[in-house]
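Asker: build the 3D model from these lines:
(chains A and B)
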Amino acid sequence: MNGDPLYLDGVDLGDLGVMALKVVIAFVFLLVATMFMVWFERKLISDMQNRIGPNVAGPWGLLQTFADGVKFFFKEDLRPENADPLVFRLAPYISAVTAFLSFAVVPIGGSFGDGSSGTVTIFGRETFLQVADPPIGILLLLAMSSIAVYGVMLAGWASGSKYPLIGSVRASAQAISYEAALGMATVVVVVLAGTLSTHGIVEAQAGGITRWFVVSSGIVPFIVFLIAATAELNRPPFDLVEAEQELVGGFHTEYSSIRFALFFLAEFMNVITMSAIMVTLFFGGPAGPIFFGMTWFWPTIWFLLKVLAFLFVFVWFRATLPRLRYDQLMHLGWKVLIPLILFWLMFISLKELRAAYDWNWVATYGAALIALLAGTALLVAGLRAGDRAYEDEMEDV
Amino acid sequence: MEQYLPVLTLGVLGVLFVLLSIVASRLLAPERNTLAKRSPYECGITDQVAIPERFPVKFYLVAMLFIMFDIEIVFLYPWAVANDELGLFGLVAMTIFAGIFFLSFVYELAKGGLNWGPGRRALTPVKSPERTTESTIRKVGLEGRIDAIVETDDSEAA
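Answerer: Okay, here's the model as predicted:
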């Protein structure tokens, strides 16, 4: 847990060069990947809805997003007169910059296990195939996803218009509701890995599929994380933030031209980052079989394939599931996901301790079962009482 | 702190990207501002309703509950990292801590603080015995078949 070996023996000009190379590659990769993600989503949804989709700009319409992006530069940049001038300009910065930063801690390659610790050699310098490996990598991710909420919130508030305002209030309530579940699902992974560094988490999963946290944590934290991540990203079926039928465009109704494009970019970039994070936390990151020779090449390929699978899942969600109603959204977030993941977290930590200290099977799991039954009974009683209280309250109104 | 250097660099690159995009747009885009473009969006008509300054108190409840849970998560992380070393002591301490949070959470649930929407009773349609399909829908084009309808009505009444 010493972090990236690149900086361990002091930082000289060569180290800075390697760092700059990694940063620029990640930056360009993110932009290009986002471009293709938009194309991928449009094309895939077209296929699922039995239409053709973009097919004019470039082969198979591949350059459609690029063409759209160029067009945005030539569009008039509007600002409503009762918008807050400073915050209105600030919001796209927050959204876009946090989207870039979240990707920094994701390990995108390097072979782990069998004595190798995921380092590669670039220009004679050992380093990790990730932009940065701070000791609190996971917290950095969560911090960025929290700050990203400010981008949406401030954009809606500063527009000085009612649809964006309603959209942003919904957005912040939704994001904080699911952030608790997201955070606790991540804590389960931290319990298993014993470290907050993303590199350490991938290292802890080295050595076969059974060691991947999706298996060894039971599948529950992964499912909770997937649902909460979809809600955090404001992707369908949780896209109440920009529900077109109710709120025109949600928080970015008043944004046009390149400022709108930046929100759009940040949204899709976050989809890619969130997929990469799920691969890192639950699917062993770049782990996978290495065929002939090139040890640095295969892990990156596996990583990209896994990310692509998740991107497909997000698009699939959008094509398949209808949008939730607001009360259903709150119900799922608070009354299902949070109690479930809270119990699961305690259970996994108990399971780990039992293995470490060799406690009695029956006593350990008996205690867990009693806690589960007591908690469920309390929760069900609470829910019933809550429904009754709410019905009475609504009657009075 | 060297580990954060690349994060900072990426952040600076991100800010530059946004800044250059906006500058490029300012240079390239036309500026033909009109009153209609400056006014807030409202489906093609003049906006006459002031934007709301107050929100349902439910949103504040959610925010407060979130702060509670966020504090819990902040304390969960250091415990999770040291779970193996802390052993039974850590687990018991955390269970008590999480249990108290869970109790207050259940209390808010029991007060109906996390229920949204019109409520179940309002969603179930009001049915009065006088209003039936027969009384509200006038059937036309049944001339010649009216006997069959009368017959089924009789059998239902019986």
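
Asker: quick one: the helices in the chain?
Answerer: Assuming you mean chain A. Applying DSSP state H to chain A gives helices spanning A:13-48, A:64-73, A:85-102, A:137-158, A:162-193, A:198-204, A:213-216, A:220-232, A:244-247, A:257-282, A:297-320, A:326-330, A:338-357, A:361-396.

Asker: I was after chain B.
Answerer: Listed in chain order, the helices of chain B (DSSP H) span B:5-28, B:35-38, B:57-81, B:83-110, B:120-123, B:133-136, B:146-157.

Asker: to A:Phe73, which of these lies closest?
Answerer: Ranking the helices of chain B by their distance to A:Phe73 (criterion: Cβ to Cβ) puts helix B:5-28 first, at 4.9 Å. Glycine gets a C-beta too; all of them are placed from N, C-alpha and C.

Asker: so how far is that closest one from its chain's centroid?
Answerer: Average the C-alpha atoms of helix B:5-28, do the same for its chain, and the two points are 33 Å apart (Cα atoms, centre = their mean, to the nearest Å).

Asker: just to check, B:Leu5 is in contact with A:Val11?
Answerer: Yes. Taking Cβ atoms under 8 Å as the definition, B:Leu5 is a contact partner of A:Val11 at 7.4 Å.

Asker: residues contacting the closest residue to B:Arg26 other than its chain neighbours?
Answerer: Excluding its sequence neighbours, the residue lying closest to B:Arg26 (Cβ to Cβ, 6 or more residues apart in numbering or on different chains) is A:Asp77, at 7.0 Å. Neighbouring residues of A:Asp77 by Cβ atoms under 8 Å, 6 or more residues apart in numbering or on different chains: A:Ser256, A:Ser257, A:Ile258, A:Arg259, B:Ile22, B:Ser25, B:Arg26, B:Ala29.

Asker: emit the PyMOL select command for whichever of the residues you listed are buried.
Answerer: Selecting only the buried members of the contacts of A:Asp77 in PyMOL, with burial defined as 16 or more other Cβ atoms under 10 Å in any protein chain shown, works like this:
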select buried, (chain A and resi 256+257+258+259) or (chain B and resi 22+25+29)
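
Asker: distance to A:Val18 and pLDDT for the contacts of A:Asp77 - can I get that in a markdown table?
Answerer: As requested, those are arranged in a markdown table below (distance: Cβ to Cβ, whole Å; pLDDT from 0 to 100):
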| residue | distance to A:Val18 | pLDDT |
| --- | --- | --- |
| A:Ser256 | 40 | 82 |
| A:Ser257 | 37 | 84 |
| A:Ile258 | 32 | 87 |
| A:Arg259 | 34 | 87 |
| B:Ile22 | 31 | 88 |
| B:Ser25 | 34 | 86 |
| B:Arg26 | 35 | 85 |
| B:Ala29 | 39 | 81 |
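
Asker: which among the contacts of A:Asp77 gets closest to A:Ala104?
Answerer: Checking the contacts of A:Asp77 one by one against A:Ala104 (Cβ to Cβ), the nearest turns out to be B:Ile22, at 22.9 Å.

Asker: make sure that closest one is actually in contact with A:Ser257.
Answerer: No. The pair formed by B:Ile22 and A:Ser257 falls short of the contact definition of Cβ under 8 Å, at 9.0 Å.

Asker: least confident of the helices of chain B, on average?
Answerer: The weakest mean pLDDT among these belongs to helix B:146-157, with a mean of 54.

Asker: how many neighbours does residue 41 have?
Answerer: I went with chain A, as the question did not name one. A:Glu41 sits with 21 neighbouring residues when counted by other Cβ atoms under 10 Å in any protein chain shown.

Asker: ah, I was thinking of chain B
Answerer: Taking other Cβ under 10 Å as the neighbour definition, B:Tyr41 ends up with a count of 17.

Asker: return the backbone torsion pair for the residue nearest the centre of chain B.
Answerer: Nearest residue to the geometric centre of chain B (Cα atoms, centre = their mean): B:Trp116, 9.0 Å. According to degrees, to the nearest 10, the main-chain angles of B:Trp116 amount to phi -120, psi 170.

Asker: cool, and A:Gly194?
Answerer: Dihedral angles of A:Gly194 (phi, psi; degrees, to the nearest 10) stand at phi 70, psi 20.

Asker: would you check that it makes contact with A:Glu203?
Answerer: No. Taking contacts as Cβ under 8 Å, A:Gly194 lies outside contact range of A:Glu203: 10.6 Å.

Asker: so what's A:Pro54 up against?
Answerer: With Cβ under 8 Å, 6+ apart, A:Pro54 has these contacts: A:Trp39, A:Arg42, A:Lys43, A:Ser46, A:Gly61, A:Gln64.

Asker: with pLDDT, neighbour count and distance to A:Gly207 added, can I get these in JSON lines?
Answerer: Converted to JSON lines, the contacts of A:Pro54 look like this (pLDDT from 0 to 100; neighbours: other Cβ atoms under 10 Å in any protein chain shown; distance: Cβ to Cβ, whole Å):
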{"residue": "A:Trp39", "pLDDT": "91", "neighbour count": "22", "distance to A:Gly207": "36"}
{"residue": "A:Arg42", "pLDDT": "91", "neighbour count": "16", "distance to A:Gly207": "39"}
{"residue": "A:Lys43", "pLDDT": "90", "neighbour count": "20", "distance to A:Gly207": "37"}
{"residue": "A:Ser46", "pLDDT": "91", "neighbour count": "16", "distance to A:Gly207": "41"}
{"residue": "A:Gly61", "pLDDT": "83", "neighbour count": "18", "distance to A:Gly207": "42"}
{"residue": "A:Gln64", "pLDDT": "88", "neighbour count": "20", "distance to A:Gly207": "42"}
